[in-house]
Each structure stands twice: as structure tokens, then as C-alpha cells.
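Undergrad: no sequence on hand, only this structure:
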């Protein structure tokens, strides 16, 4: 595992950030953050059916962070440096985590979005060492938002 950050890490991080600024992905990320809520695959299919704008937004957000997860998990960017600069993916994972087992089963794909999951797990461990209680407080906010 690398522990030295160099200009390649910075360049890659900036490129990933620049991709997030693309207009359609920005709209999809905003929608996901503000509107996406589901607790079951059935609810998911009713609210965000294939062919809908919402389904396209969902896929854009998830596949972007899945790709980033593959970069982070393969140590193509130094994790500590990456985690210092973004945590948005953790919120994405937390929102889809309740339906993941059923989605993986329905797609017959136990690897579905595993890079995102692994990156979120690493981030949680990283945060717990640096800011104990922050993850728990974040989860409480998500739970409260689901009840609204």
C-alpha cells in the first residue's frame, strides 16, 4: 500500500472532480442527494423504472462512484489523500445499502457495486479512527431524512 502522495494523485483527484462537474452528472448527483429514497427493490422499480429519467440518474451516480471505487481500491490514488478530499460516495452507499442484498440477488450478481461498497467500508474505518462518532451522526441524519 502506498503512503506517499505525489502529483499523479493530485492530477487524478482533480480529473475525477472535474468529471463530477459535468452538467448531466451534476444534475444526477443533486437528484440522488435530494430525491432518491427507497427501502426495497420493489419500491425502487415502482419509483425509478427502467427508461425513466430517475433510473438514468441513479445509474449515472452509482456507476460513477463504482468506477472511482475501482480506482481507490486498486491504490491508483492514495486512499488517505482521496478520503481527505471527498466523502460524497459514502452517502451514496448509505442510501443504496438497504436494498443491495435484494438487488444483487435479483440481478444474480453478488459483485454488483462491490467497489463502491469496499471504498465506503474503508472510508468508514478511516473516519472512525479520525473522527469517532461522525459516521454514527451521519447515519442518524439519513434515518431522520427517510422518516420525512
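TA: Ah, there it is. As the structure is a prediction and not an experimental result, all values here were calculated from the model.
Undergrad: can you list the buried residues in the longest helix along the chain?
TA: As assigned by DSSP state H, the longest helix anywhere in the chain is helix 53-73. Neighbour counts over helix 53-73 (16 or more other CB atoms under 10 Å) mark 54, 57-58, 60-62, 64-66, 68-69, 71-73 as buried. Placement of C-beta: from N, CA and C, glycine included.
Undergrad: what's the answer for stretch 19-32, then?
TA: Neighbour-count burial for stretch 19-32 flags 28, 29, 31, 32 (criterion: 16+ other CB under 10 Å).
Undergrad: how about stretch 32-46?
TA: 32, 36, 38, 41, 44.
Undergrad: min pLDDT across the residues you listed, which one?
TA: Of all those, residue 41 carries the smallest pLDDT score, 87.
Undergrad: ok, the residue nearest the centre of the chain to residue 95 distance?
TA: Central residue of the chain (CA atoms, centre = their mean): residue 89, 2.9 Å from the mean position. Going from residue 89 to residue 95 by CB to CB, to the nearest Å gives 11 Å.
Undergrad: cool, residue 112 as well?
TA: For residue 112, the distance to residue 95 (CB to CB) stands at 15 Å.
Undergrad: any stretches of this structure with poor pLDDT?
TA: Residues of the chain that meet the criterion pLDDT under 70 lie in 1-2.
Undergrad: can you show me the helices along it?
TA: 7-20, 23-34, 41-47, 53-73, 79-85, 88-96, 100-107, 114-130, 134-147.
Undergrad: and the buried residues of helix 53-73 as CSV, adding distance to residue 105?
TA: Below are the buried residues of helix 53-73 laid out as CSV (distance: CB to CB, whole Å):
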residue, distance to residue 105
54, 22
57, 23
58, 18
60, 23
61, 22
62, 17
64, 24
65, 21
66, 18
68, 25
69, 21
71, 27
72, 26
73, 23
